[in-house]
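Engineer: Here is a sequence together with a model predicted from it:
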Amino acid sequence: MVFKFNITSLVLLLSVACVASASDQIPGKMPEGPVAIVGATLHPVSGDVIEKGTILFEDGKITAIGEKVKVPKKAEVIKADGKHVYPGLFEPYTRIGLTEYAAVRASNDYRETGMMNPNVKANVAVNPDSEIIPVTRSNGVLLALSAPAGGLLAGQGAVMQLDGWTYEDMTVKPRAVMAAAMRGDGDRDRLEAFFDEARQYAAAKKAGVEIAHDMRLEAMDAVLAGEQPIVIEVDQWEDIVRAVTFAEKQKVKLIVLGGYDAPKCADVLKRADVPVIISAVHRTPRSPDEPYDGAYTLAKELKEKGIKFCISGYDRAATWNSRNLPYHAATAAAFGLSKEDAIRSITLSPAEILGVADRVGSLEVGKDATLILCDGDPMEAATDTEQAWIGGKPVDLNNSQKMLYEKYQRKYE
């Protein structure tokens, strides 16, 4: 009897714990008819700003945008005079949904044992009930790449939209990138050996040779076919050149994460058509003799040298403070990058680099209605994101931090 009671108590306790850890925000429901935002300043990013424009969307897709848009009688009309509409902001590298509290081991699900884990899929491990998700999207960040870490091949990063009941609801592109590491010549040699093994495995399967199934080698198919880029975090110029040389030799696509010294090897990056995800603007110089604003001016230098780039806040915060993404872009703008390129670096540019620009990143007919309505420039700290939609569904912009603020505001009234 005592044994049964303890098991029952344990199940009850675990159930309560699971409920307590879930976020309170309910995923959005698709509107029954079209939605029109009227009178706002529209920022398509892919085109010119539209003053006092109208954007219309239905069934999750943008159906019209411009100064003169005919609004259907059955449409839900949102009057937005003096407001601004932007595409949902896009954080191009995070561990959102894979880490809740860094100090709590049980809430960290971003790393597997072993050095080679290309079969690991980040999207299936993302926790839709993470409290980090509502906090992040309340500042206009509606899309993020969530990637594993650890070893030499950590696994596959996925582009996720930050609302949904399940990871399937949230997944935009499940195999967006392959996360890799290359800290020296030794790592390069081990990766080359594994890539060669994966090619031999693929050739044997194609030839009909009876061979034991290996899900690690199987998972390399898209990388070897040049369909899935590898992301390698490197900052020093010699490490960047090593990574580019490796990618050229293996005939695979590469994205550089970090790229602090990228301007020093711009010719190499341009020749190989390798884009850079700036891992943070708010970071310190890498050496004592570097100028204090080296990280702040990196985006401007990459733009001037014709290197494709986008901006992340990963090096400062991989999870909780991903909400601060627009302020990284703002600092880049304050140090020479144009305002237009700054907003592009956190909307359309990450979508292009990660292969989802056909769906998100700009306000265009046919694309997902993933957008924000705010009272000013999202790169300004004083701006509030007042409403948001992901795939046409309205998003609850409340979060645990706002709820705590309201709770204790009442206490001390």
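Structural biologist: Nice, I can see it. What you are looking at is a predicted structure, and each value in this text was computed from that prediction instead of being measured.

Engineer: pLDDT weak spots in the chain?
Structural biologist: Scanning the chain for pLDDT under 70 picks out the ranges 1-23.

Engineer: residue ranges of the helices in it, please?
Structural biologist: 2-21, 122-125, 132-137, 167-170, 185-206, 215-218, 221-224, 237-250, 266-272, 298-304, 325-334, 339-344, 348-353, 400-411 (DSSP state H).

Engineer: Could you identify which of these is most buried?
Structural biologist: Among these, ranked by average contacts under mean count of other C-beta atoms under 10 Å, first place goes to helix 132-137 (a mean of 26). Glycine gets a C-beta too; all of them are placed from N, C-alpha and C.

Engineer: contacting residues around it?
Structural biologist: Residues outside helix 132-137 that contact it (C-beta atoms under 8 Å, 6 or more residues apart in numbering): 23, 25, 91, 96-97, 100, 144, 162-163, 319-320, 322-323, 388, 390, 395-401.

Engineer: at 6 Å instead, please
Structural biologist: 23, 25, 96, 162, 319-320, 322-323, 399, 401 (C-beta atoms under 6 Å, 6 or more residues apart in numbering).

Engineer: can you put these in TSV and add distance to Arg286?
Structural biologist: As requested, the contacts of helix 132-137 are arranged in TSV below (distance: C-beta to C-beta, whole Å):
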residue	distance to Arg286
Ser23	37
Gln25	39
Ile96	26
Leu162	31
Thr319	24
Trp320	24
Ser322	23
Arg323	26
Asn399	34
Gln401	32
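
Engineer: circling back to that earlier point, just send the helices of the chain back as JSON lines, with distance to Pro72 too.
Structural biologist: Output for those, formatted as JSON lines (distance: least, C-beta to C-beta, whole Å):
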{"stretch": "helix 2-21", "distance to Pro72": "41"}
{"stretch": "helix 122-125", "distance to Pro72": "35"}
{"stretch": "helix 132-137", "distance to Pro72": "28"}
{"stretch": "helix 167-170", "distance to Pro72": "27"}
{"stretch": "helix 185-206", "distance to Pro72": "51"}
{"stretch": "helix 215-218", "distance to Pro72": "48"}
{"stretch": "helix 221-224", "distance to Pro72": "41"}
{"stretch": "helix 237-250", "distance to Pro72": "49"}
{"stretch": "helix 266-272", "distance to Pro72": "47"}
{"stretch": "helix 298-304", "distance to Pro72": "41"}
{"stretch": "helix 325-334", "distance to Pro72": "33"}
{"stretch": "helix 339-344", "distance to Pro72": "30"}
{"stretch": "helix 348-353", "distance to Pro72": "28"}
{"stretch": "helix 400-411", "distance to Pro72": "34"}
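
Engineer: what's the closest of these to Pro378?
Structural biologist: helix 325-334 (4.8 Å; C-beta to C-beta).

Engineer: on contacts alone, who are the packing partners of that closest one?
Structural biologist: Other helices and strands packing on helix 325-334, by 3 or more C-beta pairs under 6 Å, 6 or more residues apart in numbering; DSSP states H and E, are helix 339-344.

Engineer: How much space separates the residue nearest to the spatial centre of the chain from Thr136?
Structural biologist: Taking C-alpha atoms, centre = their mean, the centroid of the chain lies closest to Ala144, which sits 2.1 Å from it. In this view, Ala144 and Thr136 are 7 Å apart by C-beta to C-beta, to the nearest Å.

Engineer: And Ala329, by the same measure?
Structural biologist: 15 Å.

Engineer: ok, back up a step: quick one: the residue nearest to the centre of the chain from Phe90, how far?
Structural biologist: For Ala144, the distance to Phe90 - C-beta to C-beta - is 7 Å.

Engineer: So which residues make contact with stretch 394-409?
Structural biologist: Contacts for stretch 394-409 (C-beta under 6 Å, 6+ apart): 25, 28, 131, 134-135, 138, 163, 388.

Engineer: In strands only, show me those residues.
Structural biologist: Counting by DSSP state E, the part of the contacts of stretch 394-409 found in strands is Ala388.

Engineer: out of the contacts of stretch 394-409, who has the most neighbours?
Structural biologist: Using other C-beta atoms under 10 Å as the neighbour criterion, Ala388 leads the contacts of stretch 394-409 with 27 neighbours.

Engineer: Skipping adjacent residues, who's closest to that residue in space?
Structural biologist: Val395 (4.2 Å; C-beta to C-beta, 6 or more residues apart in numbering).

Engineer: Got phi/psi on that neighbour?
Structural biologist: When quoted as degrees, to the nearest 10, the phi and psi of Val395 stand at phi -110, psi 140.

Engineer: who's in contact with stretch 198-209?
Structural biologist: Residues contacting stretch 198-209 (C-beta under 6 Å, 6+ apart): 211, 217, 220.

Engineer: how does the chain divide up, domain by domain?
Structural biologist: 2-24+401-411, 25-88+361-397, 89-360 (automatic domain parsing).

Engineer: How far does the last one sit from its chain's centre?
Structural biologist: By that I understand domain 89-360. The chain centroid and the centroid of domain 89-360 are separated by 9 Å under C-alpha atoms, centre = their mean, to the nearest Å.

Engineer: Can you get me the start-to-end distance on that domain?
Structural biologist: 10 Å (C-alpha to C-alpha, to the nearest Å).

Engineer: For the stretch 51-200 of the chain, just list every one of the strands.
Structural biologist: 61-66, 76-79, 84-87, 89-94, 141-146, 153-161, 171-180 (DSSP state E, counting those that start in this stretch).

Engineer: Redo these as CSV? Include distance to Ala198.
Structural biologist: Below are these laid out as CSV (distance: least, C-beta to C-beta, whole Å):
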stretch, distance to Ala198
strand 61-66, 38
strand 76-79, 51
strand 84-87, 36
strand 89-94, 24
strand 141-146, 23
strand 153-161, 10
strand 171-180, 11
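
Engineer: Leaving out sequence neighbours, find the closest residue to His43.
Structural biologist: Tyr86 (4.8 Å).

Engineer: Then Val141?
Structural biologist: Leu89 (4.5 Å).

Engineer: Give the bridge partners for Ile78, please.
Structural biologist: Note on Ile78: beta-bridge partners Ile37, judged by DSSP bridges.

Engineer: these two touch, right, it and Ile37?
Structural biologist: Yes. Under the criterion of C-beta atoms under 6 Å, Ile78 makes contact with Ile37 at 4.8 Å.

Engineer: Which residue of those two possesses the greater neighbour count?
Structural biologist: Applying other C-beta under 10 Å to Ile78 and Ile37 shows that Ile37 carries more neighbours, namely 26 against 17.
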